[in-house]
Every structure is written in structure tokens, then in C-alpha cells.
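Engineer: Sharing a model prediction with you, sequence too.
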Amino acid sequence: MSELKTPLYEAHMALGGKIVPFAGYLMPVQYPAGVIAEHMAVREKAGLFDVSHMGEILFKGPDATANLQTLLTNDFSSMPLNKARYSVMCNEEGGCVDDLIVYKYSDEAYFIVVNAANKDKDFAWMQSHCFGKATCTDISDTVGLLALQGPAARTILSKVTDAAMLPTSYFTANFHGEIEGKTCMISRTGYTGESGYELYLAAEDTVAIWNLLLEAGKEEGLIPCGLGARDTLRLEAAMPLYGHEMDDTISPLEAGLDFAVKLQKAEFIGKKGILAKGKHRTRVGLKVTGKGIIREHMDLYADNILVGHTTSGTFAPYLNHPLGMALVDVAYSEPGTGMEADVRGRRVACQGVSLPFYKTSNK
């Protein structure tokens, strides 16, 4: 199957983006400035990402809330309007089908954002479990999504829209925003660990708003950013990535997502499986203390005992040292625990550290 293109494909090419296949799309992994420059721009100024490859699903109807209560691990029974809520969707065994964000538009309408690589699987799962007076519709092809991230994000957006339209609290949204006369849902969310916004647009408006923002943000140091910086930023912020920190065999409790799992609510898909799995392993942070960089899927040893494996790893540009995340036996999960990662047959010393590695001070 040939890869798809977002509405911004030609814009990425014009900006010198290095294009790679990702989640079925042709996406920029970086621009000429490079991953480190893009990463630092987001931490210190601002960066603009094309995330139009993500999936968007609408849940509507009198039984929409009841469906989410059954499908998802978090509690949506008393969710306020215009709020966003992170959740996991589990299989019967308690493994993660995906992690996602739910926005509440009304008491009978929810806007759900799912991972690009999982959107077809997620939609099929939702459809197959949909019940009562509710419908779920995949609207991904009609939606463009931009992420404007960094301490200067609010200043930049205020140049192109009324600042009063910008949500101020984290995980809130304005469904009725407007930029240059174009309707835009503006949410106070992101996947970088930095302050910023995500902009949901009609697909046909994406190019115009992308160009408008890049021009408006020149004085603030805004630059376009690719998948490479998106990954290093989320790793510094210890944000999990599907296929790494979670998958169909890893429970949300093992992935350290306890805050999004409400076991006290009525039965939901995966509840019994989560309880049956228990929590014999857990997600931890690793700081590399030896020489080398750790990557995913590397065995971890403590006192020559296999205690787990890495799930992500890289050199962290802002923190200026190699780090990673891992799934390890709970007995070895305390910060300060010494471990060794098997890097192509060579043991590299690591130490368990508290998560997140980085937390923004930008309000």
C-alpha cells in the first residue's frame, strides 16, 4: 500500500523537509536546521508541527457517554464541556489497544483523537463495541492538525486570532475558535512537555494557517519541526508512545498510566484483565551513567539478573545526556537502582530516575 500525504506535503518539500514513511504517511522527520535545533526551539522559543496524520473520531448520540464509559479506562460520567481527558482503550486481557484524548463538545458529542498508526484498528474496535443510541464516525480525512508548541506559542497565536479565544487551562479547548476567518478548534494540549496549543482545522485550510503561523512567528524564533524532535521532546517529558511504552500486551498500570484508569467505576472492557495482570512490572526512567546511548528493546540487567527491557531511548538535547524509559520488575523500580543495558552485546551502565525527566516552568 502506498503512503498517504497530509495536506502539507508540498509545504514540507518546499521547506527542505526530509521525508520518511511513518504510520502510513509521508512525513518530515526533520528540516535543514536539524533535530537538535528544532528541539531547542520548542524548549526556548516555539516550534510548529504537522500532526495531520493523527486520527479523529466523533462519538455522538444519547448513549455516547455510556459507550465511552464501557470502551475507555478513564471516567467520563461527569466530564465538563470543553474539557479534554486522556484515556486508554483496553482489550479484554487488559492490554492497551491505544491511548487517546477525548474532548467533550456536548453531553451527546465527543471528539476523540487517536494515534495515526492505530486509527483504523481503533475505529474498527469502537464500531464493533458501539451500542444503543450512539454512532462513531471516522472524520480523519477531513481534519488538519497543527501543533504550535513552546513558550512563545501564546504570543504568536495572539497575532493571528483574538487572545480571548485561546484556552488558558491545560487540557481545555475552544471548539469555536477562528484564525483569519477560518474556523479552528484550539486546544491547550501537546506532546512535547512544553506549553502550547493544537489547532484542528478543515483539511483544506491547513496550508494557509501553517504559512500564516510561520510568518507570524518569525520574530519569536518559530521554526517548523519534524518527527525527530517530536520524539526527543516527548521522551524528555516522559510521555509514553504506543508501540514502545505500551502495546496490546502491556496494561496501562504497567505503563505507569494509573491516573487514567478508574477501577472504581462500573465494568469496562479490560477491567478484569487489568486486575488479573496485576502490576509485577512498571515503567521507569533511566539515566545513562556509562558510555553510550540506549535505544528501545534492549535487555536490562541488575546484578546479572534480567530485570526488564528498554522501551525508548535517545540523547536528550535540552538535558544534554542520554536517557531512556523501560519496563522493569517492580523490585527494581526504585529511583537510584543501578542497571545495565545490553547495547549490541556491550553492557552500558544506567540508573533508575524519577519521571518526568523534564518539566516545563513556562506557564
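Structural biologist: Arrived safely.
Engineer: element containing residue 272?
Structural biologist: Counting by DSSP states H and E, the element that carries residue 272 is helix 271-277.
Engineer: residues of that helix that come out buried?
Structural biologist: Buried residues in helix 271-277, counting neighbours by 16 or more other C-beta atoms under 10 Å, are found at 271, 274, 277. For every residue, glycine as well, the C-beta is placed using N, CA and C.
Engineer: Could you do stretch 353-363 as well?
Structural biologist: Judged by neighbour count (16+ other C-beta under 10 Å), stretch 353-363 contains these buried residues: 353, 355, 357-358.
Engineer: Quick one: the strands in the stretch 201-350 of the chain, in order.
Structural biologist: With DSSP state E, counting those that start in this stretch, the ranges of strands along the stretch 201-350 of the chain come out as 223-225, 281-288, 299-302, 305-316, 321-329, 338-343, 346-353.
Engineer: Need these in JSON lines (columns: mean pLDDT).
Structural biologist: JSON lines is the format used below for the strands of the stretch 201-350 of the chain (pLDDT from 0 to 100):
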{"stretch": "strand 223-225", "mean pLDDT": "98"}
{"stretch": "strand 281-288", "mean pLDDT": "98"}
{"stretch": "strand 299-302", "mean pLDDT": "98"}
{"stretch": "strand 305-316", "mean pLDDT": "98"}
{"stretch": "strand 321-329", "mean pLDDT": "98"}
{"stretch": "strand 338-343", "mean pLDDT": "98"}
{"stretch": "strand 346-353", "mean pLDDT": "98"}
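Engineer: Return the most buried member of the ones you listed.
Structural biologist: With neighbours defined as mean count of other C-beta atoms under 10 Å, these peak in mean count at strand 223-225, which reaches a mean of 25.
Engineer: Any chance of the strands of the stretch 201-350 of the chain in CSV with distance to residue 163 as columns?
Structural biologist: Below are these laid out as CSV (distance: least, C-beta to C-beta, whole Å):
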stretch, distance to residue 163
strand 223-225, 23
strand 281-288, 36
strand 299-302, 47
strand 305-316, 33
strand 321-329, 36
strand 338-343, 47
strand 346-353, 38
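Engineer: okay, and for the protein, where does confidence drop off?
Structural biologist: Within the chain, the stretches with pLDDT under 70 are 1, 362-363.
Engineer: at 80 instead, please
Structural biologist: Applying pLDDT under 80 to the chain flags the ranges 1-2, 362-363.
Engineer: Residues contacting the helix or strand encompassing residue 85, please?
Structural biologist: Following DSSP H and E, the helix or strand that holds residue 85 is strand 84-90. For strand 84-90, the external contacting residues (C-beta atoms under 8 Å, 6 or more residues apart in numbering) are 71-74, 76, 79, 96-104, 122, 125-126, 171-173, 187, 189, 246, 251-252, 255, 257, 260-261, 268-271, 273-274.
Engineer: Would you mind checking those residues for buried ones?
Structural biologist: Neighbour counting with 16+ other C-beta under 10 Å marks 71-74, 76, 79, 96-104, 122, 125-126, 172-173, 187, 189, 246, 251-252, 255, 257, 260-261, 268-271, 274 as buried within the contacts of strand 84-90.
Engineer: Now, these that are in helices?
Structural biologist: Secondary structure defined by DSSP state H assigns 71, 122, 125-126, 271, 274 of those to helices.
Engineer: Among those residues, find me the one that's closest to residue 166.
Structural biologist: Nearest to residue 166 among these: residue 122, at 29.1 Å, using C-beta to C-beta.
Engineer: Please give the number of neighbouring residues around the closest residue to the closest one other than its chain neighbours.
Structural biologist: Leaving aside its sequence neighbours, residue 122 sits nearest to residue 114 (C-beta to C-beta, 6 or more residues apart in numbering; 4.5 Å). Neighbour count for residue 114, taken as other C-beta atoms under 10 Å: 26.
Engineer: May I have the beta-bridge partners of residue 114?
Structural biologist: Each beta-bridge partner of residue 114 is listed here: residue 55, residue 100, as defined by DSSP bridges.
Engineer: Contacts only, for it.
Structural biologist: For residue 114, the residues meeting the contact criterion (C-beta under 8 Å, 6+ apart) are 54-57, 98, 100, 122-123.
Engineer: Wait, residue 212 touches residue 160, no?
Structural biologist: Yes. Contact status for residue 212 versus residue 160: in contact at 5.7 Å, counting by C-beta atoms under 8 Å.
Engineer: Please enumerate the helices of the stretch 101-250 of the chain.
Structural biologist: For the stretch 101-250 of the chain, applying DSSP state H, counting those that start in this stretch gives helices covering 119-129, 153-160, 206-216, 227-236.
Engineer: Quick one: list the elements packing against the last one.
Structural biologist: Packed against helix 227-236 by the contact rule (3 or more C-beta pairs under 8 Å, 6 or more residues apart in numbering; DSSP states H and E) you find strand 25-30, helix 35-44, strand 305-316, strand 321-329.
Engineer: which one of these lies closest to residue 287?
Structural biologist: Each of those has some distance to residue 287 by C-beta to C-beta; the shortest is strand 321-329, at 5.4 Å.
Engineer: so what strands line up beside the closest one?
Structural biologist: Paired strands of strand 321-329, with direction, are strand 281-288 (antiparallel), strand 305-316 (antiparallel) (DSSP bridges).
Engineer: That strand vs helix 227-236, what angle?
Structural biologist: Regarding strand 321-329 and helix 227-236, their directions subtend 60 degrees when assessed with axes from the mean of the first three to the mean of the last three C-alpha atoms, to 10 degrees.
Engineer: With just CA atoms, put strand 321-329 into PDB.
Structural biologist: Extracted C-alpha coordinates of strand 321-329, given in PDB (Å, rounded to 0.1, in the frame of the first residue of the first chain):
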ATOM      1  CA  HIS A 321      22.700  13.500  28.300                       C
ATOM      2  CA  PRO A 322      21.400  10.100  27.100                       C
ATOM      3  CA  LEU A 323      18.300   8.800  28.800                       C
ATOM      4  CA  GLY A 324      15.500   6.300  28.200                       C
ATOM      5  CA  MET A 325      12.400   4.600  29.600                       C
ATOM      6  CA  ALA A 326      12.000   0.900  30.400                       C
ATOM      7  CA  LEU A 327       9.600  -1.700  31.700                       C
ATOM      8  CA  VAL A 328      11.200  -3.500  34.700                       C
ATOM      9  CA  ASP A 329      10.300  -5.800  37.600                       C
END
